[in-house]
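Novice: any chance you can model this:
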Amino acid sequence: MTIWIDADACPVKDEAERVATRHRIRMVLVSNGGIRPSQNPLVESVYVTSGPDEADKHIASHCQPGDVVVTGDIPLAAKCVAAGAQVIKPNGEVLTSANIGMALATRDLMQDLRSADPFRQGGGRPFSKADRSRLLDQLDRLVKAVL
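Specialist: Got it, this is the predicted structure:
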């Protein structure tokens, strides 16, 4: 089992590392660079070439059934769910085959709304301590379910 982290904009790398350490699970941070490597022997950093979706492509092509992927990228989440991995957003929301279609549709709708109104600002609520706590709880549950 591996915990894959879409690391470029992930606000919960430290929390995921705590869960990986507690369960002695390999964790891989995938990014375009600029992420400080962890001293934890269970944590590996993979740097992909810069470019759109290179980290996503790497995670999607390497995740397997039984792995857990932490990402806020809905198209990546859909690919990982299709590959059999468990997927969790940084706010603790678990994405499954039962809800990924709705998440993709909502993402596409919001993207269309934003492009139709270039003056539309904002993009949802800010990341909170409750989100961080929910991620810790849900990630721990996912890991225990797979183990």
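Novice: what's the helix or strand of the chain with the lowest mean pLDDT packed up against?
Specialist: The weakest-scoring helix or strand in the chain, judged by mean pLDDT, DSSP states H and E, is helix 100-116 (a mean of 77). Judged by 3 or more Cβ pairs under 8 Å, 6 or more residues apart in numbering; DSSP states H and E, the packing partners of helix 100-116 are helix 74-82. In short, each C-beta sits where N, CA and C put it, glycine included.
Novice: which residues does the helix it packs on contact?
Specialist: Helix 74-82 is contacted by residues 4, 6, 53, 56, 59-60, 63, 67, 69, 71, 87, 89, 95-97, 100, 103-104, 107 when judged by Cβ atoms under 8 Å, 6 or more residues apart in numbering.
Novice: mind listing what's buried in the least confident helix or strand of the chain?
Specialist: 100, 103 (16 or more other Cβ atoms under 10 Å).
Novice: determine the angle, from 0 to 180 degrees, between it and helix 74-82.
Specialist: 170 degrees (axes from the mean of the first three to the mean of the last three Cα atoms, to 10 degrees).
Novice: so what does the helix or strand containing D131 touch, helix or strand wise?
Specialist: Assigned by DSSP states H and E, D131 falls within helix 129-146. Using 3+ Cβ pairs under 8 Å, 6+ apart, the elements in contact with helix 129-146 are helix 13-23, strand 68-70, strand 86-88.
Novice: how far does it sit from the chain's center?
Specialist: 12 Å (Cα atoms, centre = their mean, to the nearest Å).
Novice: same thing with stretch 92-111?
Specialist: Worked out by Cα atoms, centre = their mean, stretch 92-111 lies 13 Å from the chain centre.
Novice: got it, and stretch 32-45?
Specialist: Using Cα atoms, centre = their mean, the offset of stretch 32-45 from its chain centre is 16 Å.
Novice: same check, this time on stretch 63-81
Specialist: With Cα atoms, centre = their mean, you get 7 Å for stretch 63-81.
Novice: what about the residue lying closest to T96 once chain neighbours are set aside, neighbour count?
Specialist: With Cβ to Cβ, 6 or more residues apart in numbering as the criterion, T96 has its nearest non-adjacent residue at 6.5 Å, and that residue is V81. Neighbour count for V81, taken as other Cβ atoms under 10 Å: 21.
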